[in-house]
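Novice: From the sequence below, what's the structure:
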Amino acid sequence: MIVIIEQLHSYNLLANFDFLQLIINRESAPGTRLTGLEISSNMIEVAEKNAREYNLGVRVNYIEGDAQKMPIDDNLFDSVFANGSLHEWSNPKKIFNEIYRVLKPGRLYFISDLRRDTNLFIKWFMKIVTKP
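Specialist: You can find the predicted model right below:
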């Protein structure tokens, strides 16, 4: 899933981890809205359930679509965040071009992905810190 962020207070995602704070601290960045782009309707159902559990349901919207041709207008979003999906992208260049297209000029994106052979401690830590 690709998460697109609107009205983020700080645009320095790498330094401030605002995307993580939005999940951990539900009071942070109260004007921030998230739009999730997902190709699978089943995964959207799971994501909607998770958003409700995190008490973020009113701030999150999901769109079903392919990241290679995002059903989103140009220059619309403040930031884009994708975690754990890069290894699934059949055409990363096409998706990066789409990310550039939907971002407002000068805004940032953050893409991360764990290696398949990641240390078990890191996997455990990621599971613990992302629980509601």
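Novice: Only the buried residues of whichever helix in the chain runs longest, if you could.
Specialist: Taking DSSP state H as the criterion, the chain has its longest helix at helix 41-53. Residues 44, 47, 51 are the ones in helix 41-53 that count as buried (16 or more other Cβ atoms under 10 Å). C-beta: built from backbone N, CA, C; applies to glycine.
Novice: can you put the residues you listed in JSON lines and add pLDDT and distance to residue 105?
Specialist: What follows is the buried residues of helix 41-53, written out as JSON lines (pLDDT from 0 to 100; distance: Cβ to Cβ, whole Å):
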{"residue": "44", "pLDDT": "86", "distance to residue 105": "29"}
{"residue": "47", "pLDDT": "83", "distance to residue 105": "28"}
{"residue": "51", "pLDDT": "80", "distance to residue 105": "29"}
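Novice: Out of those, which comes closest to residue 110?
Specialist: Of all the buried residues of helix 41-53, residue 110 sits closest to residue 47, with 18.2 Å by Cβ to Cβ.
Novice: List the contacts of that closest one.
Specialist: Taking Cβ atoms under 8 Å, 6 or more residues apart in numbering, we find residue 47 in contact with 1, 36, 38, 60, 62.
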